[in-house]
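Participant: Next input, structure requested:
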Amino acid sequence: MDVFRPVEENVSPMEMRTRAMAEGFALAVLDEAQVMLPGLDALRAEALKMYLTGHAKPYIQGYKLLSSKEVDEGLEMRMDVRINKRTLRDGLKKLGLFQTLKSPLVASVAWPEDISGDEMAVLQGLITMTGLELEDGTYPAFFLEYTKEKAYKGRMILDNREWLSINKDLAVVWVDLWARYFDQSQSKIAPAKTQLLTISGWFSPDGILEFDRVLRGWDSAVQEARLVEMDMQPTGTGATWDVNILNRDRLDMLLQSFLPQRGLTFQMTQGD
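Facilitator: Residues are numbered from 1 along each chain as shown. Coordinates of the predicted model:
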């Protein structure tokens, strides 16, 4: 991941380096998130990047700083960042990005009259990232307030329930409350039916076990894969997986790029 931070007044080299690393983490996580969220528009992607800058570390599995060089215009940095895909997918669910990917969620958001311009920019970015279509008087309703301790207090009202969150980071308050909303909203949705993926053409079970590891690693396409049957025939070996699919188009692309060149064929049928 390549990052460039321009020179900023009254910013020390150490702070510039810290900001460059935060941006690098955000960009790396955003790249993986866009694979999981095909069709995410540019405005929401930029808003997600704004949020991740400073909030990406939970999704970082590890990183290596390859180079860091000060130039006249600023700081150039190159990083190798490894993403925890499962943690990221869970995080994107909490942010509501899967639920609002194709259509916005109608909601109301209220804020203090004396909110600053910088705070309003952060709030607007969070609204865009989450995929809300604002309409006064609708529910869920989010209310932003200030506390005497100069922290942010958020209230979420829904179905005669009220949730509260207080933090000095506005984004933390926002995500805490909306994560609760999307969690309970998701629990009302019937679980998706699994698909049965059957693949034929192996010469031995070893190839099946190796592909089982590959399939489990396709986090952007498959949420869960379970090997349920192996069919040993004189002409070859086949296997069937019970698959919970996140992105069917991406899974088809991965299968088409992996299987035919190895002399394997597959079919997908509806599971239980």
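
Participant: quick one: terminal-to-terminal distance for stretch 225-245?
Facilitator: Using Cα to Cα, to the nearest Å, one end of stretch 225-245 lies 9 Å from the other.

Participant: List the buried residues for that stretch?
Facilitator: Buried residues in stretch 225-245, counting neighbours by 16 or more other Cβ atoms under 10 Å, are found at 225, 227, 237, 238, 239, 240, 241, 242, 243, 245. C-betas here are computed from N, CA, C, even on glycine.

Participant: Out of these, which is nearest to residue 7?
Facilitator: Among the buried residues of stretch 225-245, residue 245 lies closest to residue 7 (Cβ to Cβ), at 47.2 Å.

Participant: And that closest one, what's its pLDDT?
Facilitator: We have a pLDDT of 84 for residue 245.

Participant: Surely it is in contact with residue 195?
Facilitator: Yes: at 5.7 Å, residue 245 and residue 195 qualify as touching, with contact defined as Cβ atoms under 8 Å.

Participant: neighbours around residue 132, how many?
Facilitator: Residues within reach of residue 132, counting by other Cβ atoms under 10 Å, total 20.

Participant: Give me the distance between it and residue 105.
Facilitator: Here the criterion is Cβ to Cβ, to the nearest Å. By it, residue 132 lies 6 Å from residue 105.

Participant: same thing with residue 230?
Facilitator: As judged by Cβ to Cβ, residue 230 and residue 105 stand 44 Å apart.

Participant: Flag the shaky bits of this protein, pLDDT-wise.
Facilitator: By pLDDT under 70, the low-scoring segments of the chain are 186-193, 271-272.

Participant: relative to its centroid, which residue of it is most remote?
Facilitator: Largest separation from the mean C-alpha position in the chain: residue 234, at 44.5 Å (Cα atoms, centre = their mean).

Participant: all strands of this structure, in order?
Facilitator: Taking DSSP state E, the strands of the chain run over residues 2-6, 60-71, 74-83, 105-110, 132-134, 141-146, 152-158, 161-167, 195-202, 222-233, 236-245, 265-270.
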